[in-house]
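Colleague: Sequence first, then the predicted structure:
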Amino acid sequence: MIEQVFLLAQNNEHMIEKVITDENVNFNHMIFNKNEGLPEHFSNSNVYMTVIRGLVSIGLDEHEIHEYSAGTVLKIPKGIKMNVKNLYDDTLELIVIKAPAPEK
């Protein structure tokens, strides 16, 4: 078998799942319930965030919070202050890809 196979968790529980972490890319799967999210931080690579379900509320740098629904892909450059939250009752599920993989 040439390909590698990775499985994503299928649930509604809060989690940040590091699916692939190698020298090329970081591929993360995240699930947040109401009032959960990531701690405010600066992006350490180019970030490609896909909303799988729910509605993400995201504040970038000093800009106002914007909200994006399922099916939306966001491209966020390296070095941007990020504040990612789920402010709603519906479960928020994200795929977050960092490319190139951040240096350690």
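Modeller: Great, that's in hand. Just so it is clear, the model here is predicted, and its values are computed rather than measured.

Colleague: since we're on residue 93, how many residues are nearby?
Modeller: Neighbourhood size, residue 93 [other C-beta atoms under 10 Å]: 23. All C-beta spots, glycine's among them, are computed from the backbone N, C-alpha and C.

Colleague: show me what contacts it?
Modeller: Shown in contact with residue 93 (C-beta atoms under 8 Å, 6 or more residues apart in numbering): 29-32, 51-54.

Colleague: Where does it fall, secondary structure wise?
Modeller: Using DSSP states H and E, residue 93 maps to strand 92-98.

Colleague: Quick one: mean pLDDT over that strand.
Modeller: The predicted model assigns strand 92-98 a mean pLDDT of 98.

Colleague: Check stretch 70-82 too.
Modeller: Throughout stretch 70-82, pLDDT has a mean value of 98.

Colleague: distance between the ends of it?
Modeller: With C-alpha to C-alpha, to the nearest Å as the measure, stretch 70-82 spans 19 Å from end to end.

Colleague: and if you look at stretch 34-47?
Modeller: Termini of stretch 34-47 sit 23 Å apart (C-alpha to C-alpha).

Colleague: tally of neighbours for residue 49?
Modeller: 22.

Colleague: how about the helix or strand harbouring it: buried residues?
Modeller: Counting by DSSP H and E, the element that carries residue 49 is strand 47-53. Buried residues in strand 47-53, counted by 16 or more other C-beta atoms under 10 Å: 47-52.

Colleague: again, but for stretch 32-39
Modeller: For stretch 32-39, a neighbour-count test (16+ other C-beta under 10 Å) marks 32-33, 36-37 as buried.

Colleague: ok, residues contacting that stretch?
Modeller: By C-beta under 8 Å, 6+ apart, the residues outside stretch 32-39 that reach it are 12-14, 16, 30, 54, 57, 82-89, 91-94.

Colleague: ok, 7 Å please
Modeller: When contacts are defined by C-beta atoms under 7 Å, 6 or more residues apart in numbering, stretch 32-39 is touched by residues 14, 84-89, 91-92.

Colleague: Buried ones among these?
Modeller: Here, 16+ other C-beta under 10 Å leaves 84-87, 91-92 buried among the contacts of stretch 32-39.

Colleague: Many thanks, I have nothing further to ask.
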